[in-house]
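Engineer: Pasting the sequence and the predicted coordinates here, then a few questions.
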Amino acid sequence: MAKDCVSLAAVSLLSAVQQAYFAKQVENARKKYKIATPSVIGSSDFERIFRAQQNLNEFYPLFLVVLWTSGLFFNQEVASVFGFIYLFGQHMYFIGYAESTKGRIPGFKIGIAMLLILIILSFFGITDCMVDKYFDINIAKKISKLFS
Amino acid sequence: MAKDCVSLAAVSLLSAVQQAYFAKQVENARKKYKIATPSVIGSSDFERIFRAQQNLNEFYPLFLVVLWTSGLFFNQEVASVFGFIYLFGQHMYFIGYAESTKGRIPGFKIGIAMLLILIILSFFGITDCMVDKYFDINIAKKISKLFS
Amino acid sequence: MAKDCVSLAAVSLLSAVQQAYFAKQVENARKKYKIATPSVIGSSDFERIFRAQQNLNEFYPLFLVVLWTSGLFFNQEVASVFGFIYLFGQHMYFIGYAESTKGRIPGFKIGIAMLLILIILSFFGITDCMVDKYFDINIAKKISKLFS
């Protein structure tokens, strides 16, 4: 079973390290812009970094869900590649947002595109598995039979 | 293995789409009430929508955990049904909170009730499995033997 | 399969209950310091409790990922023990932060140490499994052969 999800686990572990990295950047920004905890306002530079991290953190569970549902029900390697591109987009978003409000847009677009792809892959994978389980019809097999 | 969790995966995928929908609503509210990022204050209408999304986002990982633990250790279909009702409650909470602070209460109550049920189911399922694994006693089987 | 992750599920369920407990404490603090929703400012006592809960909530998905990756790819029982210590550290962090800003530090250090350990265990477990899967080399077996 472990081998069926090892690359999903690798992408997940990388994403966890990335989340820790973003949190660390907020802590560093607190020192740089002298914003003492628990305050979160006072400098628009700090506020952008804080909001970038907050937004990426908000989307993190959603990403994990669609990474694993697409990986387990569609294809592990395909899901892992799109998941990896998503993490790259998150990095662009964070770096861009830290510089300016507009700077977040390219990374944001990559992120949204990857999430949409993973949602669509999950949808097809799960639908196929549900139809197979509850109605005993395997669509994927039927299609491949048509062409054989 | 995939078939043992396909309805949990379906509820999880639906919940991910719902989270994306809530995030989109906050973005729309930013435009409507003219609250530029990274600010999150300035209009009590915006603040309610923002806080509704934040609260639902906060509970999201907790929900995923109890959905999957109850589904894997108690019963997949039972957990999925309560999980689905939870998502319905979340929707009521969001719509209600966007209208007024008091409007969040009915959806909130549904959500809390569903989480409690899933926690209790998980507790029984996990306890039974742990006792079976570490003490080699299968409670569920013993009870069913009593009645056979 | 369920038995291979039952103690991870038990730690996860406990962590979900803990998250619910933290959220409840914020609600109680709202009443005590008379901060009506949706506001989150106005009393530094409330702000500390709110920020403590927010921070622990932020790290929650990250914790779940490394708990499960280390548990599934390294060792279930080892991961569960470190996971349990992490939850204990979270509790110390919350209680400490509620009292004073400095009070969060001991719990914070425990939390960071546990996350680092779980990340390292996950890294070794996943690397070993990936090398075995994609290059057909099982490092763990080779090492144990050297000593036999």
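Structural biologist: The structure has been received and is ready for your questions.
Engineer: does chain B sit close to the helix or strand bottoming out on mean pLDDT in chain A?
Structural biologist: Here the helix or strand of chain A ranked lowest by mean pLDDT, DSSP states H and E is helix A:139-146, holding a mean of 71. No: interface with chain B: helix A:139-146 contributes nothing (C-beta under 8 Å from any C-beta of the partner chain), its closest point being 12.3 Å away. Where C-beta positions appear, they are placed from N, C-alpha and C, glycine not excepted.
Engineer: I would like the residues contacting that helix, please.
Structural biologist: By C-beta atoms under 8 Å, 6 or more residues apart in numbering or on different chains, the residues outside helix A:139-146 that reach it are A:127-128, A:131-132.
Engineer: Of those residues, grab the buried ones for PyMOL.
Structural biologist: This is how PyMOL selects the buried members of those, with burial counted by 16 or more other C-beta atoms under 10 Å in any protein chain shown:
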select buried, chain A and resi 128+132
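Engineer: Just the element for the closest residue to A:Gly89 other than its chain neighbours, please.
Structural biologist: Nearest residue to A:Gly89 in three dimensions, chain neighbours excluded: A:Ile110, at 3.0 Å (C-beta to C-beta, 6 or more residues apart in numbering or on different chains). Following DSSP states H and E, one finds A:Ile110 within helix A:105-135.
Engineer: packing partners for that helix?
Structural biologist: helix A:44-73, helix A:76-99, helix A:139-146, helix B:6-32 (3 or more C-beta pairs under 8 Å, 6 or more residues apart in numbering or on different chains; DSSP states H and E).
Engineer: okay, those helices, which one's buried deepest?
Structural biologist: Mean neighbour count, computed with mean count of other C-beta atoms under 10 Å in any protein chain shown, is highest for helix A:44-73 among the helices and strands packed on helix A:105-135, reaching a mean of 22.
Engineer: just to revisit the earlier point, how far off helix A:105-135 does the least confident helix or strand of chain A point, in degrees?
Structural biologist: Taking axes from the mean of the first three to the mean of the last three C-alpha atoms, to 10 degrees, helix A:139-146 and helix A:105-135 form an angle of 80 degrees between their directions.
Engineer: Save the contacts of helix A:139-146 as CSV, and put in pLDDT too.
Structural biologist: Formatted as CSV, the contacts of helix A:139-146 follow (pLDDT from 0 to 100):
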residue, pLDDT
A:Thr127, 94
A:Asp128, 93
A:Val131, 90
A:Asp132, 87
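Engineer: ok, the contacts of helix A:139-146 vs chain C, which is closest?
Structural biologist: Nearest to chain C out of the contacts of helix A:139-146 is A:Asp132 (C-beta to the nearest C-beta; 19.2 Å).
Engineer: isn't the closest one right up against A:Asn138?
Structural biologist: Yes: using C-beta atoms under 8 Å, A:Asp132 is in contact with A:Asn138, at 4.6 Å.
Engineer: on that earlier part again, so how far is the least confident helix or strand of chain A off the chain centroid?
Structural biologist: 31 Å (C-alpha atoms, centre = their mean, to the nearest Å).
Engineer: now swap in stretch A:117-128 and tell me
Structural biologist: For stretch A:117-128, the distance to the chain centre is 15 Å (C-alpha atoms, centre = their mean).
Engineer: For it, list every residue counted as buried.
Structural biologist: A:117-119, A:121-123, A:125-126, A:128.
Engineer: Lowest-confidence entry in the residues you listed?
Structural biologist: Scanning the buried residues of stretch A:117-128 for pLDDT, the smallest score is found at A:Asp128, 93.
Engineer: And for A:Arg104, the neighbour number?
Structural biologist: Residues lying near A:Arg104 (other C-beta atoms under 10 Å in any protein chain shown) number 24.
Engineer: Tell me the pLDDT of A:Met1.
Structural biologist: Value listed for A:Met1 in the pLDDT field: 65.
Engineer: Give me the distance between the nearest residue to A:Val11 once chain neighbours are set aside and chain C.
Structural biologist: Once flanking residues are discounted, A:Val11 sits nearest to A:Gly83: 4.2 Å by C-beta to C-beta, 6+ apart. Using C-beta to the nearest C-beta, to the nearest Å, A:Gly83 is found at 12 Å from chain C.
Engineer: At the geometric centre of chain A, which residue do we find?
Structural biologist: Geometric centre of chain A, nearest residue: A:Phe63, 3.6 Å, by C-alpha atoms, centre = their mean.
Engineer: residues contacting the residue lying closest to that one once chain neighbours are set aside?
Structural biologist: Excluding the flanking residues, the one nearest A:Phe63 by C-beta to C-beta, 6+ apart is A:Tyr86, at 6.3 Å. By C-beta under 8 Å, 6+ apart, A:Tyr86 lies in contact with A:63, A:67, A:110-111, A:114-115, A:118.
Engineer: so how far is B:Ser44 from the closest residue to chain B within chain A?
Structural biologist: Chain B sits closest to A:Arg51 of chain A, with a gap of 3.7 Å, by C-beta to the nearest C-beta. A:Arg51 is 20 Å from B:Ser44, where distance means C-beta to C-beta, to the nearest Å.
Engineer: can you check A:Val11 too?
Structural biologist: A:Val11 is 40 Å from B:Ser44, by C-beta to C-beta.
Engineer: A:Ile112 now?
Structural biologist: 29 Å.
Engineer: Cross-check the contact I'm expecting between A:Ile35 and A:Ser44.
Structural biologist: No: counting by C-beta under 8 Å, A:Ile35 sits too far from A:Ser44 to count as a contact (11.3 Å).
Engineer: And stretch A:98-113, what's buried?
Structural biologist: Neighbour-count burial for stretch A:98-113, counted by 16+ other C-beta under 10 Å, picks out A:98, A:101, A:103-104, A:107-108, A:110-111.
Engineer: okay, it in PDB with CA atoms only?
Structural biologist: The C-alpha trace of stretch A:98-113 is given here as PDB (Å, rounded to 0.1, in the frame of the first residue of the first chain):
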ATOM      1  CA  ALA A  98       6.000  40.200  -0.200                       C
ATOM      2  CA  GLU A  99       7.100  42.700  -2.800                       C
ATOM      3  CA  SER A 100       3.800  44.200  -3.800                       C
ATOM      4  CA  THR A 101       0.100  43.400  -3.800                       C
ATOM      5  CA  LYS A 102       0.100  43.000  -7.600                       C
ATOM      6  CA  GLY A 103       3.100  40.700  -7.400                       C
ATOM      7  CA  ARG A 104       1.000  37.800  -6.100                       C
ATOM      8  CA  ILE A 105      -1.000  37.400  -9.300                       C
ATOM      9  CA  PRO A 106       1.300  35.100 -11.400                       C
ATOM     10  CA  GLY A 107       1.700  32.600  -8.600                       C
ATOM     11  CA  PHE A 108      -2.000  32.800  -7.800                       C
ATOM     12  CA  LYS A 109      -2.900  31.900 -11.400                       C
ATOM     13  CA  ILE A 110      -0.600  28.900 -11.400                       C
ATOM     14  CA  GLY A 111      -2.100  27.700  -8.000                       C
ATOM     15  CA  ILE A 112      -5.700  28.100  -9.200                       C
ATOM     16  CA  ALA A 113      -5.000  26.200 -12.500                       C
END
